[in-house]
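Colleague: no FASTA, just this:
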(Lines give C-alpha, C1' and ligand atoms only; values in the text may rest on other atoms or scores of the structure.)
Protein backbone atom coordinates (compact mmCIF):
# COMPACT_ATOMS: atom_id res chain seq x y z
CA UNK A 1 0.00 0.00 0.00
CA UNK A 2 0.99 3.64 -0.42
CA UNK A 3 -0.61 6.85 0.79
CA UNK A 4 -1.90 8.98 -2.05
CA UNK A 5 -4.72 11.35 -2.99
CA UNK A 6 -6.25 10.92 -6.45
CA UNK A 7 -6.67 14.65 -6.99
CA UNK A 8 -3.43 15.84 -5.37
CA UNK A 9 0.32 15.44 -5.43
CA UNK A 10 1.61 14.34 -2.03
CA UNK A 11 5.24 14.80 -0.99
CA UNK A 12 7.08 15.82 2.25
CA UNK A 13 5.57 14.48 5.47
CA UNK A 14 6.17 13.87 9.18
CA UNK A 15 4.67 11.49 11.69
CA UNK A 16 3.57 11.71 15.33
CA UNK A 17 2.49 8.73 17.41
CA UNK A 18 -0.21 8.86 20.06
CA UNK A 19 -0.66 5.48 21.71
CA UNK A 20 -1.35 2.92 18.99
CA UNK A 21 -2.21 5.54 16.37
CA UNK A 22 0.23 7.03 13.87
CA UNK A 23 -0.61 10.53 12.69
CA UNK A 24 0.69 11.45 9.25
CA UNK A 25 1.01 15.13 8.30
CA UNK A 26 1.70 15.61 4.63
CA UNK A 27 2.14 18.35 2.06
CA UNK A 28 -0.19 18.27 -0.91
CA UNK A 29 -1.33 20.44 -3.80
CA UNK A 30 -3.97 19.89 -6.52
CA UNK A 31 -3.00 18.08 -9.70
CA UNK A 32 -5.24 20.54 -11.52
CA UNK A 33 -2.29 22.96 -11.39
CA UNK A 34 -0.92 20.93 -14.29
CA UNK A 35 2.77 21.44 -13.56
CA UNK A 36 4.06 19.61 -10.46
CA UNK A 37 6.71 22.31 -9.99
CA UNK A 38 3.88 24.67 -9.02
CA UNK A 39 3.02 22.52 -6.01
CA UNK A 40 5.53 24.28 -3.74
CA UNK A 41 3.76 27.62 -3.84
CA UNK A 42 0.35 25.96 -3.34
CA UNK A 43 1.14 23.53 -0.52
CA UNK A 44 -1.27 22.72 2.31
CA UNK A 45 -0.81 20.38 5.29
CA UNK A 46 -3.09 17.35 5.42
CA UNK A 47 -3.67 14.75 8.14
CA UNK A 48 -4.18 10.99 7.99
CA UNK A 49 -4.18 8.26 10.66
CA UNK A 50 -3.15 4.61 10.75
CA UNK A 51 -2.45 1.82 13.22
CA UNK A 52 0.13 0.07 11.04
CA UNK A 53 1.83 2.77 8.86
CA UNK A 54 0.36 1.14 5.75
CA UNK A 55 -3.41 1.56 5.69
CA UNK A 56 -4.33 5.23 6.13
CA UNK A 57 -7.57 7.07 6.82
CA UNK A 58 -7.30 10.53 5.25
CA UNK A 59 -8.82 13.32 7.36
CA UNK A 60 -8.10 16.18 4.96
CA UNK A 61 -6.54 19.63 5.32
CA UNK A 62 -5.56 20.85 8.79
CA UNK A 63 -3.34 23.90 8.08
CA UNK A 64 -3.32 26.26 5.11
CA UNK A 65 -1.66 29.57 4.25
CA UNK A 66 -2.26 32.71 6.28
CA UNK A 67 -3.43 36.15 5.13
CA UNK A 68 -1.38 38.51 2.98
CA UNK A 69 1.65 39.75 4.85
CA UNK A 70 1.86 36.77 7.19
CA UNK A 71 4.94 34.53 7.39
CA UNK A 72 2.99 31.71 5.68
CA UNK A 73 1.10 33.88 3.20
CA UNK A 74 1.90 31.74 0.15
CA UNK A 75 2.26 28.17 1.38
CA UNK A 76 2.87 25.94 4.39
CA UNK A 77 5.76 23.51 4.22
CA UNK A 78 7.51 20.77 6.11
CA UNK A 79 7.70 20.53 9.90
CA UNK A 80 7.39 18.21 12.87
CA UNK A 81 5.10 17.59 15.86
CA UNK A 82 6.10 17.28 19.55
CA UNK A 83 4.16 16.77 22.76
CA UNK A 84 4.25 19.53 25.38
CA UNK A 85 2.36 18.43 28.50
CA UNK A 86 -1.35 18.35 27.54
CA UNK A 87 -0.95 19.87 24.10
CA UNK A 88 0.72 19.04 20.81
CA UNK A 89 2.84 21.61 19.02
CA UNK A 90 3.51 21.65 15.31
CA UNK A 91 6.54 23.54 14.06
CA UNK A 92 6.21 24.06 10.32
CA UNK A 93 7.67 26.20 7.55
CA UNK A 94 5.88 29.31 6.36
CA UNK A 95 6.78 30.43 2.85
CA UNK A 96 6.28 33.77 1.12
CA UNK A 97 6.69 34.03 -2.65
CA UNK A 98 6.92 37.55 -4.04
CA UNK A 99 6.27 37.25 -7.78
CA UNK A 100 4.41 34.86 -10.04
CA UNK A 101 6.64 32.69 -12.16
CA UNK A 102 9.68 33.09 -9.87
CA UNK A 103 10.99 30.75 -7.18
CA UNK A 104 12.28 33.55 -4.95
CA UNK A 105 10.87 33.11 -1.45
CA UNK A 106 11.51 33.69 2.25
CA UNK A 107 11.07 30.84 4.72
CA UNK A 108 10.23 31.23 8.41
CA UNK A 109 9.42 28.71 11.13
CA UNK A 110 5.82 28.97 12.38
CA UNK A 111 3.97 27.12 15.14
CA UNK A 112 0.48 25.78 15.81
CA UNK A 113 -1.09 23.93 18.76
CA UNK A 114 -3.65 21.17 19.13
CA UNK A 115 -5.21 19.02 21.84
CA UNK A 116 -6.20 16.18 19.50
CA UNK A 117 -3.72 16.31 16.56
CA UNK A 118 -6.51 17.21 14.13
CA UNK A 119 -7.79 20.69 15.03
CA UNK A 120 -4.89 23.15 14.95
CA UNK A 121 -4.63 26.80 15.99
CA UNK A 122 -1.79 28.94 14.70
CA UNK A 123 0.18 30.74 17.41
CA UNK A 124 1.87 34.16 17.27
CA UNK A 125 5.32 32.71 16.71
CA UNK A 126 8.04 33.30 14.12
CA UNK A 127 11.65 32.12 14.01
CA UNK A 128 13.80 33.55 11.21
CA UNK A 129 17.37 33.02 10.00
CA UNK A 130 20.00 35.01 11.89
CA UNK A 131 21.70 37.15 9.20
CA UNK A 132 24.91 37.25 11.23
CA UNK A 133 25.26 33.49 10.92
CA UNK A 134 23.21 32.40 7.92
CA UNK A 135 22.64 33.46 4.33
CA UNK A 136 19.49 35.53 3.79
CA UNK A 137 17.71 36.66 0.65
CA UNK A 138 19.23 40.16 0.82
CA UNK A 139 22.70 38.65 0.36
CA UNK A 140 21.77 38.01 -3.27
CA UNK A 141 23.69 34.75 -3.50
CA UNK A 142 20.76 32.30 -3.61
CA UNK A 143 17.18 32.30 -4.86
CA UNK A 144 15.61 31.82 -1.44
CA UNK A 145 16.10 32.57 2.22
CA UNK A 146 16.54 28.96 3.30
CA UNK A 147 15.19 28.44 6.81
CA UNK A 148 12.89 25.46 6.73
CA UNK A 149 12.10 21.87 7.72
CA UNK A 150 12.34 22.27 11.53
CA UNK A 151 13.07 19.06 13.42
CA UNK A 152 12.54 19.48 17.18
CA UNK A 153 13.79 16.99 19.79
CA UNK A 154 14.65 16.95 23.47
CA UNK A 155 18.22 16.86 24.81
CA UNK A 156 18.19 16.67 28.63
CA UNK A 157 16.14 19.60 29.89
CA UNK A 158 16.43 21.52 26.61
CA UNK A 159 14.75 21.39 23.23
CA UNK A 160 16.87 21.51 20.09
CA UNK A 161 15.72 22.40 16.59
CA UNK A 162 17.58 21.47 13.41
CA UNK A 163 16.86 23.41 10.21
CA UNK A 164 17.73 23.50 6.53
CA UNK A 165 19.88 26.62 6.07
CA UNK A 166 22.84 28.07 4.16
CA UNK A 167 26.06 29.46 5.62
CA UNK A 168 27.17 33.02 5.02
CA UNK A 169 30.58 33.82 3.60
CA UNK A 170 31.55 30.41 2.23
CA UNK A 171 33.84 30.64 -0.79
CA UNK A 172 31.60 28.58 -3.10
CA UNK A 173 28.17 30.22 -3.42
CA UNK A 174 26.61 26.88 -4.37
CA UNK A 175 28.27 24.68 -1.72
CA UNK A 176 26.82 26.53 1.28
CA UNK A 177 24.20 24.09 2.47
CA UNK A 178 24.32 23.46 6.25
CA UNK A 179 22.14 22.30 9.09
CA UNK A 180 21.37 25.09 11.55
CA UNK A 181 20.50 24.71 15.23
CA UNK A 182 18.34 26.61 17.71
CA UNK A 183 17.74 25.87 21.39
CA UNK A 184 14.89 26.46 23.83
CA UNK A 185 13.90 25.68 27.40
CA UNK A 186 10.18 26.11 26.87
CA UNK A 187 9.50 25.60 23.12
CA UNK A 188 8.49 29.26 22.87
CA UNK A 189 11.67 31.33 23.25
CA UNK A 190 14.39 30.11 20.90
CA UNK A 191 18.05 31.08 20.50
CA UNK A 192 19.51 30.58 17.03
CA UNK A 193 23.01 29.14 17.29
CA UNK A 194 25.93 28.33 15.02
CA UNK A 195 25.53 25.64 12.37
CA UNK A 196 26.14 21.99 13.27
CA UNK A 197 27.51 20.97 9.87
CA UNK A 198 30.12 22.55 7.65
CA UNK A 199 29.67 24.31 4.30
CA UNK A 200 31.71 22.79 1.51
CA UNK A 201 30.30 19.32 2.25
CA UNK A 202 28.91 18.96 -1.27
CA UNK A 203 25.31 20.11 -0.78
CA UNK A 204 23.51 23.27 -1.84
CA UNK A 205 20.91 22.29 0.74
CA UNK A 206 20.42 19.57 3.36
CA UNK A 207 16.65 19.15 3.50
CA UNK A 208 14.32 17.59 6.09
CA UNK A 209 17.00 16.68 8.68
CA UNK A 210 16.11 14.16 11.36
CA UNK A 211 18.11 12.88 14.34
CA UNK A 212 18.11 9.11 14.83
CA UNK A 213 19.52 7.83 18.12
CA UNK A 214 19.51 4.29 19.46
CA UNK A 215 19.71 0.76 18.07
CA UNK A 216 23.47 1.16 17.75
CA UNK A 217 23.38 4.37 15.70
CA UNK A 218 23.77 8.09 16.31
CA UNK A 219 23.07 9.71 12.96
CA UNK A 220 21.18 12.36 11.06
CA UNK A 221 19.38 11.70 7.82
CA UNK A 222 18.68 14.46 5.30
CA UNK A 223 17.79 14.76 1.63
CA UNK A 224 19.56 16.41 -1.29
CA UNK A 225 18.67 15.69 -4.92
CA UNK A 226 21.14 15.36 -7.80
CA UNK A 227 20.46 18.89 -9.03
CA UNK A 228 21.63 20.40 -5.73
CA UNK A 229 24.82 18.44 -5.20
CA UNK A 230 27.89 20.67 -5.24
CA UNK A 231 31.67 20.57 -5.10
CA UNK A 232 33.13 17.08 -5.48
CA UNK A 233 29.65 15.55 -5.32
CA UNK A 234 28.37 17.44 -8.38
CA UNK A 235 27.28 15.07 -11.12
CA UNK A 236 26.59 12.21 -8.72
CA UNK A 237 23.23 10.73 -7.81
CA UNK A 238 21.31 12.43 -5.01
CA UNK A 239 18.59 11.22 -2.67
CA UNK A 240 18.34 10.48 1.04
CA UNK A 241 21.65 10.72 2.94
CA UNK A 242 22.90 9.52 6.32
CA UNK A 243 25.72 11.08 8.36
CA UNK A 244 27.22 10.55 11.79
CA UNK A 245 26.25 12.85 14.65
CA UNK A 246 28.31 13.49 17.77
CA UNK A 247 25.84 13.09 20.67
CA UNK A 248 27.90 15.36 22.94
CA UNK A 249 28.23 18.38 20.65
CA UNK A 250 25.52 17.70 18.07
CA UNK A 251 28.07 18.09 15.24
CA UNK A 252 27.06 16.36 12.00
CA UNK A 253 29.76 14.98 9.70
CA UNK A 254 28.04 15.98 6.45
CA UNK A 255 31.28 15.81 4.48
CA UNK A 256 31.33 12.04 5.01
CA UNK A 257 27.59 11.53 4.42
CA UNK A 258 26.60 8.42 2.50
CA UNK A 259 23.70 7.91 0.14
CA UNK A 260 21.08 5.74 1.84
CA UNK A 261 18.54 5.63 -1.01
CA UNK A 262 18.63 7.37 -4.39
CA UNK A 263 16.23 10.18 -5.25
CA UNK A 264 13.51 7.89 -6.56
CA UNK A 265 12.56 8.16 -2.87
CA UNK A 266 12.86 11.57 -1.18
CA UNK A 267 12.29 13.55 2.03
CA UNK A 268 13.06 10.47 4.10
CA UNK A 269 11.66 9.95 7.57
CA UNK A 270 12.74 7.21 9.95
CA UNK A 271 9.96 5.73 12.05
CA UNK A 272 9.65 2.88 14.50
CA UNK A 273 7.35 0.30 12.99
CA UNK A 274 4.68 -1.48 15.01
CA UNK A 275 7.33 -3.99 16.21
CA UNK A 276 9.72 -1.20 17.24
CA UNK A 277 12.15 -1.67 14.35
CA UNK A 278 13.67 1.32 12.58
CA UNK A 279 12.19 1.80 9.12
CA UNK A 280 12.53 4.36 6.35
CA UNK A 281 9.62 6.10 4.67
CA UNK A 282 9.75 8.63 1.86
CA UNK A 283 7.64 9.97 -0.96
CA UNK A 284 7.91 8.38 -4.37
CA UNK A 285 9.58 11.08 -6.42
CA UNK A 286 10.22 10.35 -10.10
CA UNK A 287 8.57 7.24 -11.54
CA UNK A 288 9.17 6.51 -15.25
CA UNK A 289 10.33 10.09 -15.76
CA UNK A 290 7.35 11.83 -14.16
CA UNK A 291 6.65 13.15 -10.68
CA UNK A 292 4.38 10.67 -8.94
CA UNK A 293 3.70 12.32 -5.59
CA UNK A 294 2.71 9.59 -3.14
CA UNK A 295 4.17 8.15 0.08
CA UNK A 296 5.55 4.63 0.12
CA UNK A 297 5.40 1.94 2.81
CA UNK A 298 8.11 1.59 5.50
CA UNK A 299 11.34 -0.14 4.47
CA UNK A 300 13.29 -1.91 7.22
CA UNK A 301 16.71 -0.52 8.21
CA UNK A 302 19.71 -1.89 10.06
CA UNK A 303 23.05 -0.58 11.29
CA UNK A 304 26.10 -1.40 9.20
CA UNK A 305 29.60 -2.08 10.49
CA UNK A 306 30.38 1.66 10.49
CA UNK A 307 27.44 2.57 12.69
CA UNK A 308 25.46 4.06 9.80
CA UNK A 309 22.08 2.95 8.50
CA UNK A 310 21.42 0.84 5.43
CA UNK A 311 18.36 -0.89 4.04
CA UNK A 312 17.98 -4.33 5.56
CA UNK A 313 19.82 -6.88 3.47
CA UNK A 314 22.16 -4.27 1.98
CA UNK A 315 25.12 -4.32 4.36
CA UNK A 316 27.34 -2.51 1.88
CA UNK A 317 24.91 0.40 1.73
CA UNK A 318 24.61 2.95 -1.02
CA UNK A 319 27.78 5.05 -0.86
CA UNK A 320 28.29 8.57 -2.10
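Modeller: Received, thanks. Here the structure is a predicted model, which means the values were calculated and not measured.
Colleague: From here on, just use CA atoms for contacts and neighbour counts.
Modeller: Fine.
Colleague: Near the residue lying closest to residue 86 once chain neighbours are set aside, how many other residues are there?
Modeller: Closest residue in space to residue 86, ignoring its immediate chain neighbours: residue 115 at 6.9 Å, by CA to CA, 6 or more residues apart in numbering. Residue neighbour count, defined by other CA atoms under 10 Å, stands at 13 for residue 115.
Colleague: okay but residue 115 is in contact with residue 88, surely?
Modeller: Yes - if you go by CA atoms under 8 Å, residue 115 and residue 88 touch, sitting 6.0 Å apart.
Colleague: who are the neighbours in contact with the residue most central in space within the chain?
Modeller: The centre of the chain sits closest to residue 208, judged by CA atoms, centre = their mean, with a distance of 2.0 Å. Residues near residue 208 by CA atoms under 8 Å, 6 or more residues apart in numbering: 78, 149-151, 163-164, 221-223, 267-268.
Colleague: partner strands of the host helix or strand of it, parallel or antiparallel?
Modeller: Taking DSSP states H and E as the criterion, residue 208 maps to strand 207-214. Paired with strand 207-214 in the same sheet, following DSSP bridges, are strand 217-224 (antiparallel).
Colleague: ok, back up a step: what's the offset of the strand holding residue 208 from the middle of its chain?
Modeller: A distance of 9 Å separates the centroid of the chain from that of strand 207-214, by CA atoms, centre = their mean, to the nearest Å.
Colleague: Next, the buried residues of it.
Modeller: Buried residues in strand 207-214, counted by 16 or more other CA atoms under 10 Å: 207-212.
Colleague: Now do the strands in the stretch 101-250 of the chain.
Modeller: Counting by DSSP state E, counting those that start in this stretch, the segments of the stretch 101-250 of the chain that form strands are 105-114, 121-122, 144-145, 148-155, 158-166, 177-184, 190-193, 207-214, 217-224, 239-244.
Colleague: Just want the angle from the strand holding residue 208 to strand 148-155.
Modeller: Here the directions of strand 207-214 and strand 148-155 differ by 20 degrees (axes from the mean of the first three to the mean of the last three CA atoms, to 10 degrees).
Colleague: Next, the angle from strand 207-214 to strand 158-166.
Modeller: Using the same axes, to 10 degrees: strand 207-214 against strand 158-166 is 140 degrees.
Colleague: avg pLDDT for strand 207-214?
Modeller: What strand 207-214 shows for mean pLDDT is 96.
Colleague: Closest to residue 284 out of the contacts of residue 208?
Modeller: Using CA to CA, residue 267 comes nearest to residue 284 of these, at 9.3 Å.
Colleague: what's the following helix or strand after the host helix or strand of the closest one?
Modeller: Here residue 267 sits within strand 265-272, counting by DSSP H and E. Moving toward the C-terminus from strand 265-272, the next helix or strand (DSSP H and E) is strand 278-287.
Colleague: name the helices or strands packed onto that next one?
Modeller: strand 8-18, strand 265-272, strand 290-295, strand 299-303 (3 or more CA pairs under 8 Å, 6 or more residues apart in numbering; DSSP states H and E).
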